[in-house]
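K.L.:
Output the structure for:
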Amino acid sequence: MKSSLRRTLAIALRQFYLMRGSPTRLLPMFAWVAVDVLLWGFITRYLNQVSKAGFDFVPALLGAVLMWDFFSRVMQGVTTAFLEDVWSRNFLNLFATPLRIGEYLGGLVLTSVLGSLVGLAVMLLLASGMFGFSFFDYGLLLLPFLLVLFCFGIALGIAASAVVLRFGPASEWLVWPIPALLSPFVGVFYPLSTLPAWMQAIGHCLPPSYVFEGMRALVLQQSFAPQQLILGATLALLQILLACWFFARVHTGALRSGLIARYSAESVS
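P.N.:
Numbers count the residues shown, from 1 in each chain. A predicted model of the protein is given here:
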């Protein structure tokens, strides 16, 4: 048990050394978060000025942006740590050791946890300091909201990493647009009821849709349906298990076919 934990921590420690040795790896953790907060913060401030209804757009709109950014940071924390091994062609070295696949994934998740917490802290400081936004407006429900988004981000990051492992480094371009592709289906900025039926069906399979529906109900109607959040959390946990199973299957296939030894900078079939 102790040796297993040590190997998991070693994967996360490797990422720490990579970041410490290259400031350019640290910059994206702060730069894109700051740009998003400033852009959407000024948009919400403008909407508050021109709106005649006296509605405060900050908790509804800026809060949704921050939570979606948090999800994106979690997912990209997993995939970026995985891609570091892709770019350095380090898989053969890693899996020639006693490292188990669960320990490797655990190290990627731990790296994502630390990185996403740093990004969340930056978002909170900017949003509260410049636009008067406070996550505490959501009360204790903030924790389950973030937990569901975190779990889904982990699941999506592991699944995306498995795709890159199977199809090679050239398929990494499939990873980066995933949050943008999913955002119309989960209702980040609008209720799911505004979507056509087929998009709503997809949205109901995605845990973030329950988070944002619950957040809007809490902000606009001061009401909350716990069964919706429970359903979202159940889906997120199930998808983590499916993503881990998928990665393990791809990894086993890569070992049997010798794909890891032949890993190159081009697509592999």
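K.L.:
so how far is E103 from the closest residue to L120 other than its chain neighbours?
P.N.:
Nearest residue to L120, sequence neighbours excluded (C-beta to C-beta, 6 or more residues apart in numbering): F70, at 5.5 Å. No exception for glycine: its C-beta is placed from N, CA and C like everyone else's. Applying C-beta to C-beta, to the nearest Å, the value for F70 to E103 is 26 Å.
K.L.:
give me every residue that touches the nearest residue to R7 once chain neighbours are set aside.
P.N.:
Closest residue to R7 apart from its sequence neighbours, by C-beta to C-beta, 6+ apart: E103 at 4.6 Å. Taking C-beta atoms under 8 Å, 6 or more residues apart in numbering, we find E103 in contact with S4, R7, T8, I11.
K.L.:
Quick one, grab the pLDDT at the third one.
P.N.:
The one in question is T8. At T8, the model reports a pLDDT of 85.
K.L.:
Going by neighbour count, which residues in whichever strand or helix holds it are buried?
P.N.:
Assigned by DSSP states H and E, T8 falls within helix 2-21. For helix 2-21, the neighbour count (16 or more other C-beta atoms under 10 Å) marks R7, T8, I11, A12, R14, Q15, M19 as buried.
K.L.:
Mind putting these into JSON lines with distance to V50?
P.N.:
Formatted as JSON lines, the buried residues of helix 2-21 follow (distance: C-beta to C-beta, whole Å):
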{"residue": "R7", "distance to V50": "56"}
{"residue": "T8", "distance to V50": "51"}
{"residue": "I11", "distance to V50": "50"}
{"residue": "A12", "distance to V50": "47"}
{"residue": "R14", "distance to V50": "50"}
{"residue": "Q15", "distance to V50": "45"}
{"residue": "M19", "distance to V50": "42"}
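K.L.:
can you give me the strands for this structure?
P.N.:
In the chain, no segments count as strands under DSSP state E.
K.L.:
Flag the shaky bits of it, pLDDT-wise.
P.N.:
1-2, 21, 52-55, 135-139, 261-269 (pLDDT under 70).
K.L.:
Apply 90 and report the result again.
P.N.:
Counting by pLDDT under 90, the chain contains low-confidence residues at 1-67, 69-70, 72-73, 76-77, 80-146, 164-180, 187-191, 193, 212-229, 250-269.
K.L.:
What are the boundaries of the helices in it?
P.N.:
2-21, 23-50, 57, 63-87, 91-95, 101-131, 142-167, 178-186, 197-203, 207-221, 226-257 (DSSP state H).
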